[in-house]
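> this one's structure only:
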């Protein structure tokens with residue numbers, strides 16, 4: 001199968017200004033993701049950075065990625081969806097003669113993932129494709145997850161009509177967290193996406209989503225200066 005390793009990196013960032021090219025661990029943030037994709041076995045020509053910023057484009061090329069187009073301004077706003085960015089990249093690359101069976105979406109804000117994490121997600125997706133016996137069994141996505149910090153069977157509560165708390169899910173009889181069913185949350189690190197499914201549905205509504213577990217300590221998603229400080233600590237251990 002042929003994969004596009006897509007790295008979305010728009011120029012505007014409010015939580016951490018200029019974060020995509022801000023130095024982390026001595027190199028621009030986006031270089032970590034480019035290196036991880038290369039470590040996962042991606043060809044540099046298939047590591048596509050989608051950006052609206054010329055400086056990001058130049059630094060991405062220096063880091064070993066390809067930037068064959070500049071993302072239009074209407075797809076680089078605070079409200080632009082990941083789906084629209086992915087479909088735009090697929091269409092742009094098809095126009096340039098490169099068609100892909102799947103997209104590996106790698107957000108620069110997950111610098112602690114590894115090439116192995118990416119390979120695990122790709123292999124999970126490929127195995128599901130190989131095992132599918134009908135179109136309804138085809139995976140929509142394989143996505144990296146970590147165990148959720150709050151479990152609706154054990155430690156998440158809702159209020160009832162009278163304002164009293166009750167457990168969100170189940171009968172509330174679990175007295176030990178380890179006995180409750182495991183609950184997962186997307187950690188934002190790796191998405192392996194079926195383009196055909198994506199043209200029909202938003203990412204969160206794709207059919208047959210497969211989990212690829214990652215440890216919580218590498219599931220950091222950079223959004224605030226405090227997140228950045230945690231990441232810096234990791235690179236200086």
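Noted; the coordinates are in hand. Model, not experiment: these values are computed from the prediction.

> show me the residues around residue 43 that make contact.
With contact set as Cβ atoms under 8 Å, 6 or more residues apart in numbering, residue 43 has no partners. Heads up, the C-betas are built off the backbone N, CA and C, glycines and all.

> and what of residue 152?
Each residue near residue 152 by Cβ under 8 Å, 6+ apart is listed here: 167-170, 183.

> how about a cut-off of 10 Å?
Applying Cβ atoms under 10 Å, 6 or more residues apart in numbering, we find residue 152 in contact with 158, 167-170, 180-181, 183.

> got it, and residue 116?
Contacts of residue 116 by Cβ under 10 Å, 6+ apart are 36, 39-40, 214.

> Now which of the contacts of residue 152 would you call buried?
For the contacts of residue 152, a burial check counting by 16 or more other Cβ atoms under 10 Å picks out 167, 180, 183.

> From residue 150, how far out is the last one?
Taken as Cβ to Cβ, to the nearest Å, the spacing of residue 183 relative to residue 150 amounts to 8 Å.

> Quick check: neighbours shared by the two?
The contact lists of residue 183 and residue 150 share residue 156, where a contact means Cβ under 10 Å, 6+ apart.

> if we can go back for a sec, now, among the buried ones among the contacts of residue 152, which is nearest to residue 124?
Nearest to residue 124 out of the buried ones among the contacts of residue 152 is residue 183 (Cβ to Cβ; 19.1 Å).

> quick one: contacts for the nearest residue to that closest one once chain neighbours are set aside?
Take residue 183 and drop its neighbours on the chain: the residue closest to it by Cβ to Cβ, 6 or more residues apart in numbering is residue 148, 4.4 Å away. Residues counted as contacts of residue 148 (Cβ under 10 Å, 6+ apart) are 155-156, 182-186, 216.

> could you pull out the strands for the protein?
In the chain, the strands defined using DSSP state E lie at 3-8, 23-24, 27-28, 47-50, 102-105, 141-147, 157-159, 165-167, 184-193, 209-213.

> pLDDT on the third one, on average?
When you say that, I think you mean strand 27-28. Mean pLDDT, computed over strand 27-28, is 96.
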